[in-house]
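Student: no sequence for this one, just the structure:
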């Protein structure tokens, strides 16, 4: 067997193993608070959060789950918060693309941790950007009180949810809320600020204060059902619009409501009949190298992601460390900006490192991004970037100016942007290639992704120098053995923070996905974006040429 075949097979094994580990992790997350709590939840006649979603959405159409790994490894001193205590999907209900948010009452009774708030705000952000109907399946005890200072008072905390309810209403975005369990205190405003609300008889309840607090506050003795149950709020207060006999009845009513929603203007993104890639998509596993430092031909990845494996390259012979070109993904017209991971020669015959952005490649990318905005073509960024080139030659050549041009062109894009982190996502390269800070409509990582200000080895050495200098300033003697142990400890900690799971748990990434699901994510993302007409002209402001 040839060396390249051996490398392909080894890469394939490594990447398939990473996907298997991802699927195992997701299976754990889907259990929420654990089987015991699931059984207790079902004993009340209630479906779990993901069962509710599965029953509601069209099972013959694709769906994607947003931030399934939110909270992973966080709040362990509080017992953890799997998936941020809720499930969020972009899916189809009665044939219409929607965002569905479901509280998971098996996780601390659906209480809101800080990451729960961030995740719910992300769902609303996606709905607002794409003008998608949003459906809330509410079953929550409200703010998690032991951490109230981190979820209650700030701008991006719990209260922002209700502000967004009001803003979405003014934008004409349909909001439907189903009260399928507890809905307490401030959380009671979410369903009632929605356009229509449903409540399940005997299991759903909504009030500003429960019976115990009512007794303590005003001395009134009353049970929760009489205080804020389905009969009270559909026949007496008029707070809710529909009374449902059980979860399934409630979800079926939502389907009927969504079925009647009218169509709106679209952004007009171009779509033809979808075609599968000519080349085998599964070969991505063998092409993507095990080590993040190993060069590979990014074009070969692109050809396995795009329709008919056709990629029309823009400025093919110029700025070769970034690839730019036109293609289709599931029929949708896209402009692709990808880091070229090959080591190549530039026009002067100089060697350039793959994954590094040079002045000419930044210029190439900026011009292409502007063209896509002119032509109303959504942008797809394929990240495997170590940053911008440094050194006197780059500085004297104006790398900062050219990098700023690329960032400016990308940041001001009015067409939707979608980011796939295939490998490295380091430093300013993360920013220029449309990292989280630059409002991609969706941003996901493959299991091979790494997100950090720089690679683990380099960062650990810098941090080691700082730590050694600090210890020496205190008069401590650092032996070579102690220095080596300190380096290892620093690198281990840093490597944990570069993991895609670390990024996904904090919703820096919307998901970690199997590379074979990339086309689905981009296609559903563009379809969602097509619901939102572009409302402003493309203007990059001041760019230094």
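Tutor: Received it, and whenever you're ready, just let me know what you need. Quick caveat: nothing in here was measured; it's all calculated off a predicted structure. Numbering: from 1, shown residues only.

Student: so where's the stretch 151-300 of the chain uncertain?
Tutor: Within the stretch 151-300 of the chain, the segments meeting pLDDT under 70 span 186.

Student: what ranges do the helices span in it?
Tutor: 159-171, 189-192, 211-218, 224-228, 230-231, 247-259, 284-287, 298-302 (DSSP state H, counting those that start in this stretch).

Student: tabulate the ones you listed (TSV), appending mean neighbour count and distance to residue 89.
Tutor: All C-beta atoms are positioned from the backbone trio N, CA, C, and that covers glycine. Below are the helices of the stretch 151-300 of the chain laid out as TSV (neighbours: other Cβ atoms under 10 Å; distance: least, Cβ to Cβ, whole Å):
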stretch	mean neighbour count	distance to residue 89
helix 159-171	16	18
helix 189-192	21	18
helix 211-218	12	34
helix 224-228	18	28
helix 230-231	18	26
helix 247-259	18	14
helix 284-287	22	25
helix 298-302	21	27
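
Student: can you redo those helices as JSON lines with distance to residue 324?
Tutor: Formatted as JSON lines, these follow (distance: least, Cβ to Cβ, whole Å):
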{"stretch": "helix 159-171", "distance to residue 324": "34"}
{"stretch": "helix 189-192", "distance to residue 324": "43"}
{"stretch": "helix 211-218", "distance to residue 324": "60"}
{"stretch": "helix 224-228", "distance to residue 324": "57"}
{"stretch": "helix 230-231", "distance to residue 324": "56"}
{"stretch": "helix 247-259", "distance to residue 324": "39"}
{"stretch": "helix 284-287", "distance to residue 324": "20"}
{"stretch": "helix 298-302", "distance to residue 324": "11"}
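
Student: tell me the helix or strand right after the lengthiest helix in the chain.
Tutor: For the chain, the helix with the greatest residue count under DSSP state H is helix 3-29. Sequence-wise, the next helix or strand downstream of helix 3-29 (DSSP states H and E) is helix 35-43.

Student: how about the helix or strand following that next one: buried residues?
Tutor: Sequence-wise, the next helix or strand downstream of helix 35-43 (DSSP H and E) is helix 49-56. When burial is assessed from 16 or more other Cβ atoms under 10 Å, helix 49-56 yields the following buried residues: 49, 50, 51, 52, 53, 54, 55, 56.

Student: now pLDDT and distance to residue 164 too, for the residues you listed, in a markdown table please.
Tutor: What follows is the buried residues of helix 49-56, written out as a markdown table (pLDDT from 0 to 100; distance: Cβ to Cβ, whole Å):
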| residue | pLDDT | distance to residue 164 |
| --- | --- | --- |
| 49 | 98 | 21 |
| 50 | 97 | 24 |
| 51 | 98 | 27 |
| 52 | 98 | 22 |
| 53 | 98 | 21 |
| 54 | 98 | 26 |
| 55 | 98 | 26 |
| 56 | 98 | 21 |
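
Student: what is the nearest of those residues to residue 27?
Tutor: Each of the buried residues of helix 49-56 was checked against residue 27 using Cβ to Cβ; the closest is residue 50, at 11.7 Å.

Student: I figured that closest one hits residue 103, correct?
Tutor: No: Residue 50 lies out of contact with residue 103 (Cβ atoms under 8 Å); the separation is 11.4 Å.

Student: in the chain, where is pLDDT below threshold?
Tutor: 1-2, 186, 396, 454-460, 544-545.

Student: how about the helices of the stretch 301-450 of the chain, start to end?
Tutor: Using DSSP H, counting those that start in this stretch, helices in the stretch 301-450 of the chain cover 359-375, 392-396, 399-411, 427-432.

Student: contacting residues for the nearest residue to residue 453 once chain neighbours are set aside?
Tutor: Counting by Cβ to Cβ, 6 or more residues apart in numbering, residue 453 lies nearest to residue 427, which is 5.3 Å off, once chain neighbours are set aside. Residues near residue 427 by Cβ atoms under 8 Å, 6 or more residues apart in numbering: 386, 387, 388, 453, 454.

Student: neighbours of the fourth one, how many?
Tutor: Spelled out, that is residue 453. Residue 453 has 15 neighbours, counted by other Cβ atoms under 10 Å.

Student: quick one: closest of the helices of the stretch 151-300 of the chain to residue 360.
Tutor: Distance to residue 360, taken as Cβ to Cβ, is lowest for helix 298-302 among these, at 16.9 Å.

Student: which helices and strands sit right next to that closest one?
Tutor: helix 284-287, strand 322-329, strand 332-339, strand 379-385 (3 or more Cβ pairs under 8 Å, 6 or more residues apart in numbering; DSSP states H and E).

Student: quick one: contacts of that helix?
Tutor: Identification of contacts with helix 298-302 by Cβ under 8 Å, 6+ apart yields 279, 283-284, 287-288, 311, 323, 325, 327, 336, 338-342, 382, 384, 422.
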